[in-house]
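> kindly generate the corresponding structure for this input.
(one chain, ligands or ions: 1)
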Amino acid sequence: MSAPYKKQEMIKSELNGTLSNRLICSNTTELSDREKINKIEHYFTQIMHTLGLNLYDDSLIGTPRRVAEMFINEMFSGLNPANKPETRLFENKYDYNRMLIEKNITLYSTCEHHFVPIIGMVHIAYIPDKYVIGLSKINRIVQFYAKRPQVQERLTIQISTGLKEVLQHNNVAVVIEANHLCIASRGIKDTSSLTHTADYSGQFEKETIKKEFLSHIYNKR
Ligand SMILES: [Zn+2]
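Next up, the predicted model:
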């Protein structure tokens, strides 16, 4: 078999907030972050060398290490289940039972096909019942799933499922609007197209509730 990873080595569960990605290969999850950084530094050195770059230049000499640390500690930190944000719910003492919207959450993710940025906005809504979630936790859940090699469709579903898992109910909506630099800066070079994805669950499947959410997002920026 010439494929880099055999099927049986893949973790199949599509999502539950932990490894949550069928593209994650189980034989690398055993490595520590330090070991991963060392490996990536080694292989990125080979890439730069193959490109003909002078690795003794003092501007480039630290690049493989910087890239490796950035991959593990920042850009792809969401691949490590240990980085999943702790989320605590608070009692909904004020009986707030209308939708809560957190819009224009900054999104930086990475296209898994080209390893170039996906840049956009995420809009989230939920309808509290007995509990509410700290607002910044919504942003943290978004960032956790964004910091993986992604496709926008999967990212949308992972954020939605992650929120439902924390809130323990289904009344959640997620909209993502994003520019993919693999479309804008290379290939077709379309700088104006925007990719829109959405996931509506529970009460948000009702047209009136969905419309209310969308009007908040799009009417008053
Ligand atoms: Zn791409």
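
> can you list the strands that the longest strand along the chain pairs with?
Assignment by DSSP state E gives strand 100-111 as the longest strand of the chain. According to DSSP bridges, strand 100-111 has the following sheet partners: strand 117-126 (antiparallel), strand 149-150 (parallel).

> look at the nearest residue to His42 once chain neighbours are set aside and say how many residues are nearby.
Spatial nearest neighbour of His42, excluding adjacent residues (C-beta to C-beta, 6 or more residues apart in numbering): Pro64 at 7.6 Å. Bear in mind the C-beta positions are built from the backbone N, C-alpha and C, glycine included. Other residues near Pro64 come to 21 when the count uses other C-beta atoms under 10 Å.

> Pro64 belongs to a helix?
Yes. The assignment for Pro64 by DSSP: H, G, I helix; E, B strand; the rest coil puts it in a helix.

> ok, it - contacts?
40-42, 44-45, 48, 55 (C-beta atoms under 8 Å, 6 or more residues apart in numbering).

> list only buried entries from those.
By neighbour count, with 16 or more other C-beta atoms under 10 Å, the contacts of Pro64 hold 40-41, 44-45, 48 as buried.

> the closest residue to Leu181 other than its chain neighbours: neighbour count?
With sequence-adjacent residues excluded and distances taken as C-beta to C-beta, 6+ apart, Leu181 is closest to Val116, at 4.3 Å. Around Val116 there are 15 other residues, counting by other C-beta under 10 Å.

> just checking, what packs against the helix or strand of the chain with the lowest mean pLDDT?
Least confident element among the helices and strands of the chain, by mean pLDDT, DSSP states H and E: helix 181-184 (a mean of 90). Helix 181-184 sits against strand 117-126, with contacts defined as 3 or more C-beta pairs under 8 Å, 6 or more residues apart in numbering; DSSP states H and E.

> centre of the chain to the strand it packs on, how far?
9 Å (C-alpha atoms, centre = their mean, to the nearest Å).

> okay, buried residues for that strand please.
Those would be 117-118, 120, 122-126, for strand 117-126 by 16+ other C-beta under 10 Å.
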